[in-house]
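Chemist: Predicted model and sequence below, questions to follow.
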Amino acid sequence: MRIAVIDVGGTNMKSGIFQDGELVECREWDTQAKSGGAHVLGRMLEILEQYSDFQAVGISTAGQVNAKEGAIIYANDNIPGYTGIRIRDAIEARFHVPVAVDNDVNCAALGEAVHGAGAGDKDFLCLTYGTGVGGAIIMDHKVYCGADFSAAEFGGIVVHPEAREPEKDMFSGCYERYASTTALVRRAQEQFPEIGNGRDLFARIGEPEIRAILDQWILEITYGLATLIHIFNPSLIVLGGGIMEQSMILEGVKKGVRGQTMPSFHNVRIVQAKLGNKAGMLGAAENAKRIMA
């Protein structure tokens, strides 16, 4: 079976064919997100036209997704007008094949569950650290989506209640504002305006002031993880996002979490995601396989 897959991000889309357990014919495209949700949907259709002889489609996408209907429940201004876009209906109408659509972090977690760091564990939590903080819950090898397909919005954990101003910013005082890679770079820029991204920061990691900023950011990561560990008592947590490829970050998080949690929760394993930027496509393929079964 050939399954066409697309992973829709705010900057780029990745596409390919899942066949015989592997991704082939992989390509990358500019999302052109600022042109709006309808345009992004049109891009998906154009991309799928580049492939032939597929029997199903799997879509991994930014935004909150009603996976049952294949529609966007909510998306922020990274893709204007994306809320309400009915992806599954449009693709099925054009190509007449089954279509599975889900949130990108859910897809990445499912990819890790089947092909990556979570293989062999039927239950685990997955978090990704990048522009924001994304989360997913895997239970019995399936994504737990909650009552309204919006479970695992871990970026909304309140970690600094003194900073809450929800009438201005719903994520004020929340995990995403302190533990994302965006938050790390923003904190560094307060002292060193010339730092433009994470690569700039790690190039200067030997400087004591930079290391102190990084250590404080790692502490912020552990606050959210300690909360999740005490709630879920997971055996495994998978951490994704490019910055987690830095071994010093992962080791710092493990050490920090141990100091933030009760001894009875110390058996949790915290590991780096294995699949990189292919996780979303592999999870999308798995979703498509499951609706075909």
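Modeler: Great, that's in hand.

Chemist: Go ahead and name everything in contact with stretch 43-54.
Modeler: In this structure, residues lying in contact with stretch 43-54 by C-beta atoms under 8 Å, 6 or more residues apart in numbering are 2-4, 6, 8, 13, 15, 17, 25, 27, 29, 31-32, 57, 59, 87, 90-91, 94-95, 97. Using the backbone N, CA and C atoms, a C-beta is placed for each residue, glycine as well.

Chemist: cool, stretch 234-241 as well?
Modeler: With C-beta under 8 Å, 6+ apart as the criterion, stretch 234-241 contacts 108-109, 112, 116-118, 121, 123-130, 181, 225, 228-229, 250, 253, 267-273, 279.

Chemist: Just the buried positions in the lengthiest helix in the chain, please.
Modeler: Looking across the chain with DSSP state H, the single longest helix is helix 208-232. Under the neighbour-count criterion of 16 or more other C-beta atoms under 10 Å, helix 208-232 has 210, 213-214, 217-229, 232 buried.

Chemist: hmm, back to that, which members of the contacts of stretch 234-241 are positioned in strands?
Modeler: 124-129, 269-272 (DSSP state E).

Chemist: Just the buried subset of the residues you listed, written out for ChimeraX, thanks.
Modeler: Buried residues among the ones in strands among the contacts of stretch 234-241 (16+ other C-beta under 10 Å), as a ChimeraX selection:
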select :124,125,126,127,128,129,270,271,272
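
Chemist: and of the ones in strands among the contacts of stretch 234-241, the nearest to Lys142?
Modeler: Phe124 (11.8 Å; C-beta to C-beta).

Chemist: What score does the closest one have for pLDDT?
Modeler: At Phe124, the pLDDT value in this model is 98.

Chemist: residues in contact with it?
Modeler: Applying C-beta under 8 Å, 6+ apart, the residues near Phe124 are 109, 113, 118, 138, 234-238.

Chemist: If we ignore the residues flanking it in sequence, what's nearest it?
Modeler: Spatial nearest neighbour of Phe124, excluding adjacent residues (C-beta to C-beta, 6 or more residues apart in numbering): Leu236 at 3.9 Å.

Chemist: Same question for Gly224.
Modeler: Tyr175 (4.2 Å).

Chemist: The one you found contacts Glu153, doesn't it?
Modeler: No - taking contacts as C-beta atoms under 8 Å, Tyr175 lies outside contact range of Glu153: 9.7 Å.

Chemist: Which residue of these two possesses the greater neighbour count?
Modeler: Per other C-beta atoms under 10 Å, whichever of Tyr175 and Glu153 has more neighbours is Tyr175, with 28 against 18.

Chemist: ok, that one to Leu41 distance?
Modeler: 31 Å (C-beta to C-beta, to the nearest Å).

Chemist: Let me see the contact set for the nearest residue to Ala285 once chain neighbours are set aside.
Modeler: Excluding its sequence neighbours, the residue lying closest to Ala285 (C-beta to C-beta, 6+ apart) is Phe18, at 3.6 Å. By C-beta under 8 Å, 6+ apart, Phe18 lies in contact with 2-3, 5, 24, 58, 281-282, 285, 288.

Chemist: Only alpha carbons, please: show the helix or strand of the chain with the lowest mean pLDDT as CSV.
Modeler: Among the helical and strand segments of the chain, the one scoring lowest on mean pLDDT, DSSP states H and E is helix 198-202, with a mean of 91. Output in CSV follows, covering the C-alpha atoms of helix 198-202 (Å, rounded to 0.1, in the frame of the first residue of the first chain):
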residue,chain,number,x,y,z
GLY,A,198,19.6,28.8,19.7
ARG,A,199,22.7,28.1,17.5
ASP,A,200,24.1,31.5,18.5
LEU,A,201,23.5,30.7,22.1
PHE,A,202,25.2,27.3,22.1
